[in-house]
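[1] Coordinates only, no sequence provided:
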């Protein structure tokens, strides 16, 4: 019996890959043997990844980051647009800056990196665009009008890119995590954690590795015919949306 040859290492970029879900995604691709670059404002990255300081709200920084990555790893073949921020508050207290900063980072920042990555993917005639959204983008959440709008917008963007770029074998998909065990959720009061957990059919939070598994699957040969999809990793919290 002949063994299946290992796939060639690919050039992978994970934005916001220095902590939490993004870090787990970067580590999952590294474990597969891919060449992984991580961008973050701090310039930090998991061991084994190429660390590149980049603020996705600045197009010049995005272009410079891609130039660095392409020189080290070659054209980006898999993009995971994960960088995001929150500025939670009730709508009557939400300032224009609260709104604009979240949309500029989460939605427009993802557009900037996807636009830049698409250039090389079109030349290669292949590529995977994966956007990290949230169950909040599908269900809504009080106090998160800006965040929900930004994460919902990723769905429309991915589906439009799927239609626009599909003829060149470029897929565009969305992963929508629910409540995940991260430093942020660990700081919630236990009664609030219990309240959220009770609303989840699986009665637990996800691990960052479970979200990463969905992302790496979308980048795998087995998902070559999946595009324009929204993959929930939320324990059933958002089913039907």
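    Thanks, I have it. From a predicted model like this one, the values you see are computed outputs, not experimental measurements. Residues are numbered from 1 along each chain as shown.

[2] hey, which helix is longest across the chain?
    Of all the segments assigned as helix in the chain under DSSP state H, the longest by residue count is helix 145-165.

[3] buried residues in that one?
    For helix 145-165, a neighbour-count test (16 or more other CB atoms under 10 Å) marks 145-155, 157-159, 161-162, 165 as buried. Quick note: C-beta positions are derived from backbone N, CA and C, even for glycine.

[4] Following element in sequence after it, please.
    Secondary structure here is assigned by DSSP states H and E; on that basis, the next helix or strand after helix 145-165 toward the C-terminus is strand 170-177.

[5] how far is the helix or strand of the chain with the lowest mean pLDDT from where the chain is centred?
    The helix or strand of the chain with the poorest confidence is helix 183-186; it has a mean of 74 (mean pLDDT, DSSP states H and E). Helix 183-186 sits 18 Å away from the centroid of its parent chain (CA atoms, centre = their mean, to the nearest Å).

[6] on that earlier part again, helices and strands around the longest helix of the chain, which ones?
    Helices and strands in packing contact with helix 145-165 are listed as helix 96-102, helix 109-124, strand 127-132, helix 136-139, strand 170-177; criterion 3 or more CB pairs under 8 Å, 6 or more residues apart in numbering; DSSP states H and E.

[7] what helix or strand is the nearest residue to residue 40 once chain neighbours are set aside on?
    The shortest distance from residue 40 to any residue that is not its chain neighbour, by CB to CB, 6 or more residues apart in numbering, is 3.9 Å, and that residue is residue 18. Remark: residue 18 resides in no helix or strand, with elements defined by DSSP H and E.

[8] ok, residue 108 - how many residues close by?
    Here the number of neighbours of residue 108 (other CB atoms under 10 Å) works out to 16.

[9] Pipe the helices and strands packed on helix 145-165 into CSV and attach mean neighbour count per row.
    Conversion of the helices and strands packed on helix 145-165 to CSV gives the following (neighbours: other CB atoms under 10 Å):
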stretch, mean neighbour count
helix 96-102, 15
helix 109-124, 19
strand 127-132, 27
helix 136-139, 21
strand 170-177, 25
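
[10] how about those, which one is nearest residue 195?
    Closest to residue 195 of these is helix 136-139 (CB to CB; 15.0 Å).

[11] same for that closest one, what does it pack against?
    Applying 3+ CB pairs under 8 Å, 6+ apart, one finds that helix 136-139 makes contact with helix 145-165.

[12] cutoff 10 Å now
    Contact analysis of helix 136-139 by 3 or more CB pairs under 10 Å, 6 or more residues apart in numbering; DSSP states H and E lists helix 145-165, strand 170-177, strand 230-233 as its packing neighbours.

[13] for these, which one sits closest to residue 32?
    strand 170-177 (16.8 Å).

[14] circling back to that earlier point, got the buried residues for the following helix or strand past the least confident helix or strand of the chain?
    Reading on from helix 183-186 to the C-terminus, the next helix or strand found by DSSP H and E is helix 190-198. By neighbour count on 16+ other CB under 10 Å, the buried set for helix 190-198 is residue 193.
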